[in-house]
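Visitor: mind folding the following:
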Amino acid sequence: MMTDPIADYLTRIRNAIQARQKKVDIPASNIKREITKILVHNQYIVNFTDMKDENQGVLRLHLKYNDNQPMIIGIKRISKPGIRMYADADHIPRVLNGMGIAIISTSKGLMTDKRARKERVGGEVLCYVW
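Guide: Reported below is the predicted structural model:
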């Protein structure tokens, strides 16, 4: 049994980028689908395919490169199962002075740090992407 599926998701993306792979398959879940939609919307990955299988399904992410350089330079898990990190609306972190994004789990769903500031909601800071 996996204790932190989001960390596994981020590690699979990080490893695929280091190996310069075009796509990576990840076991699916609802939160991983939402994180993937945020990454597509912010143009860190090209797109994704939600494939069904006999278990939980698989997300196939098509990674994005620009002149053989990955769009995702770094990806880091912030809130962990042992240490949860929360931020209220006034203290939402900025990633590289706005050059990256923080993905935040709020009462209104998953969103980026910019959208959370705009909607004035706080929540659990899941990860940083730059």
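Visitor: switch to C-alpha atoms for all contacts and neighbour counts from now on
Guide: Noted.
Visitor: break the chain into its domains for me.
Guide: The chain is divided into the following domains under automatic domain parsing: 5-70, 75-129.
Visitor: reformat those as a markdown table; add mean pLDDT and mean neighbour count.
Guide: Formatted as a markdown table, the domains of the chain follow (pLDDT from 0 to 100; neighbours: other C-alpha atoms under 10 Å):
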| stretch | mean pLDDT | mean neighbour count |
| --- | --- | --- |
| domain 5-70 | 96 | 16 |
| domain 75-129 | 97 | 17 |
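Visitor: could you pull up the contacting residues of residue 29?
Guide: Residues in contact with residue 29 (C-alpha atoms under 8 Å, 6 or more residues apart in numbering) are 56-57.
Visitor: any idea how far stretch 66-78 is from the middle of the chain?
Guide: From the chain centre to the centre of stretch 66-78 is a distance of 11 Å (C-alpha atoms, centre = their mean, to the nearest Å).
Visitor: is the most centrally placed residue in the chain in a helix, a strand, or coil?
Guide: With distances taken as C-alpha atoms, centre = their mean, residue 35 lies nearest the centre of the chain, 4.4 Å away. Secondary structure assignment for residue 35 (DSSP: H, G, I helix; E, B strand; the rest coil): helix.
Visitor: host element of residue 84?
Guide: Taking DSSP states H and E as the definition, residue 84 sits outside all helices and strands.
Visitor: how far away is it from residue 124?
Guide: For residue 84, the distance to residue 124 equals 7 Å [C-alpha to C-alpha, to the nearest Å].
Visitor: again, but for residue 17
Guide: 26 Å.
Visitor: and for residue 72?
Guide: The spacing between residue 72 and residue 124, counted by C-alpha to C-alpha, is 22 Å.
Visitor: now do residue 104
Guide: 6 Å.
Visitor: just the CA coordinates of the longest helix seen in the chain, formatted as CSV?
Guide: Criterion DSSP state H: the longest helix present in the chain is helix 5-18. Extracted as CSV, the C-alpha positions of helix 5-18 are listed here (Å, rounded to 0.1, in the frame of the first residue of the first chain):
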residue,chain,number,x,y,z
PRO,A,5,0.3,8.7,-4.0
ILE,A,6,0.8,12.4,-4.8
ALA,A,7,4.5,12.1,-4.1
ASP,A,8,4.6,9.0,-6.3
TYR,A,9,2.9,11.0,-9.1
LEU,A,10,5.4,13.9,-8.9
THR,A,11,8.3,11.5,-8.8
ARG,A,12,7.2,9.6,-11.9
ILE,A,13,6.9,12.9,-13.7
ARG,A,14,10.4,14.0,-12.5
ASN,A,15,12.0,10.7,-13.5
ALA,A,16,10.4,10.8,-16.9
ILE,A,17,11.6,14.3,-17.5
GLN,A,18,15.2,13.4,-16.5
